[in-house]
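>>> the following comprises the amino acid sequence and a computationally predicted model.
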Amino acid sequence: MMNSIVTDAQVGSRNATKAFDSAGAKPVLEVNGLEVTYYTDLGRARALDDVGFSLGAGEKLGMVGESGSGKSTLALAMMRMIKPPGRIEGGSVIVDGVDLMALDEGGMRRARLSKIAYIPQGAMNSLNPVIRIGAQMVDAVKSHISGESKSAIQDRCIHALRSVDLDPGVFRMYAHELSGGMKQRVCIAIGILLEPKVIIADEPTSALDVVTQRQVMETIDRVQSQINAAVILIGHDMGLMAQFVDKVAVMYAGRLVEVSTVRDMFTEPNHPYSKALISSLPNLGNKGVFRGIPGLAPSLLRLPGGCAFHPRCEQAMSQCSTVRPESTIVGNERLVTCHLFDEDAAK
Ligand code: SF4
């Protein structure tokens, strides 16, 4: 649920120029033309359609959109963890100069956790209840690198626990002895064990109370700056995102429809879907009037022709139901996928 109250002060508290500063540097993550299709008994569902973006070291990107828009599929595709009947059909994911899509299985296994780490949705519930936290962390290290001594691995685990503000004693504890927030921090500690260049956290604060949500987000913020990783936060809560990310990417029906700095997104969203998402947020200025988004997100098995958002779009034009909009860079390096910003279609 997008349920946090957003104030101008919160949005304004972000360093709005940071994304532009780092945009000049060589990105640590480049995703180009990523395509994923699920071949189901009911038909072919294009879950990711030509998705591309880049991130610099130390940058944080919030990935938002309704359920089924492709956010989690994007994370799984970047980790090469799409299972049949899904298939990655094209594209590249370049981390620190290495295209993960071109690696063999062994190379990809080593890249996970050392180049790119994924903290899946509900990760805290996947901790093994009968194995001590420390043993699970040691196993994670051993399954991705070899040749490190037992004491060095243990030091690495303790260091990671300290980084997420957990007492080293947690190493000897079981998951049932920890609160939800502590378990989530253990999962973050596992994610940073090998100091990856890119961290993807899928709904890292779901099922946590608001105070713990904030603590978990602050933990991610801190560990990210310690290891200077690029971070992708997947979530529904744009209000929480506004306080922690540098850029926001909006997904709809498997496509990126807008990417911009958090300030631009919240003060002047370009895409009609982004505008609808922002105006559906509670705001101190709204005085209790909330605007929902009309209609439902389309099934990926039966996407509308042209722009997939056109049946719900208040600004739809004649070509929107037949011509697919392409992504365009506008203004301050903002990506928008909409005919309103397509000069050729507007003529
Ligand atoms: Fe609306 Fe047309 Fe833009 Fe799609 S392309 S978001 S239907 S104006």
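Here it is on my side, so go on.
>>> what about stretch 67-81, distance to the chain center?
9 Å (C-alpha atoms, centre = their mean, to the nearest Å).
>>> now do stretch 31-39
16 Å.
>>> what of stretch 255-272?
15 Å.
>>> what of stretch 318-334?
So, by C-alpha atoms, centre = their mean, the centroid of stretch 318-334 is 22 Å from its chain's centroid.
>>> please apply the same query to stretch 76-92.
Distance, centroid of stretch 76-92 to centroid of chain: 16 Å (C-alpha atoms, centre = their mean).
>>> just the CA coordinates for that stretch, please, in PDB.
The C-alpha coordinates for stretch 76-92 follow below in PDB (Å, rounded to 0.1, in the frame of the first residue of the first chain):
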ATOM      1  CA  LEU A  76      14.900 -12.000 -10.700                       C
ATOM      2  CA  ALA A  77      16.000 -11.400 -14.300                       C
ATOM      3  CA  MET A  78      18.900  -9.400 -13.100                       C
ATOM      4  CA  MET A  79      19.900 -12.300 -10.800                       C
ATOM      5  CA  ARG A  80      19.200 -14.800 -13.700                       C
ATOM      6  CA  MET A  81      16.800 -16.500 -11.400                       C
ATOM      7  CA  ILE A  82      13.800 -16.600 -13.700                       C
ATOM      8  CA  LYS A  83      12.300 -20.100 -13.700                       C
ATOM      9  CA  PRO A  84      10.300 -21.900 -16.400                       C
ATOM     10  CA  PRO A  85       7.800 -21.200 -17.900                       C
ATOM     11  CA  GLY A  86       9.600 -17.800 -17.800                       C
ATOM     12  CA  ARG A  87      12.500 -17.100 -20.100                       C
ATOM     13  CA  ILE A  88      15.000 -14.200 -20.400                       C
ATOM     14  CA  GLU A  89      14.700 -13.500 -24.100                       C
ATOM     15  CA  GLY A  90      17.200 -10.700 -24.500                       C
ATOM     16  CA  GLY A  91      19.200  -7.900 -23.000                       C
ATOM     17  CA  SER A  92      22.300  -7.300 -20.900                       C
END
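>>> quick one: contacts of that stretch?
With C-beta atoms under 8 Å, 6 or more residues apart in numbering as the test, stretch 76-92 has contacts from 30-40, 47-48, 50-52, 73, 93, 99-102, 108, 112, 116, 118, 198, 200. No exception for glycine: its C-beta is placed from N, CA and C like everyone else's.
>>> try it again at 6 Å.
32-40, 93, 99, 101, 108, 118 (C-beta atoms under 6 Å, 6 or more residues apart in numbering).
>>> also stretch 228-242?
2, 4, 6, 10-11, 28-29, 55, 57-64, 71, 196-203, 224, 262, 266.
>>> keep only these that also lie close to the ligand.
Among the contacts of stretch 228-242, not one lies near the ligand by C-beta under 6 Å from any ligand atom.
>>> looking at the closest residue to Ala123 other than its chain neighbours now. What's its pLDDT?
Leaving aside its sequence neighbours, Ala123 sits nearest to Cys187 (C-beta to C-beta, 6 or more residues apart in numbering; 4.1 Å). For Cys187, the pLDDT comes out at 93.
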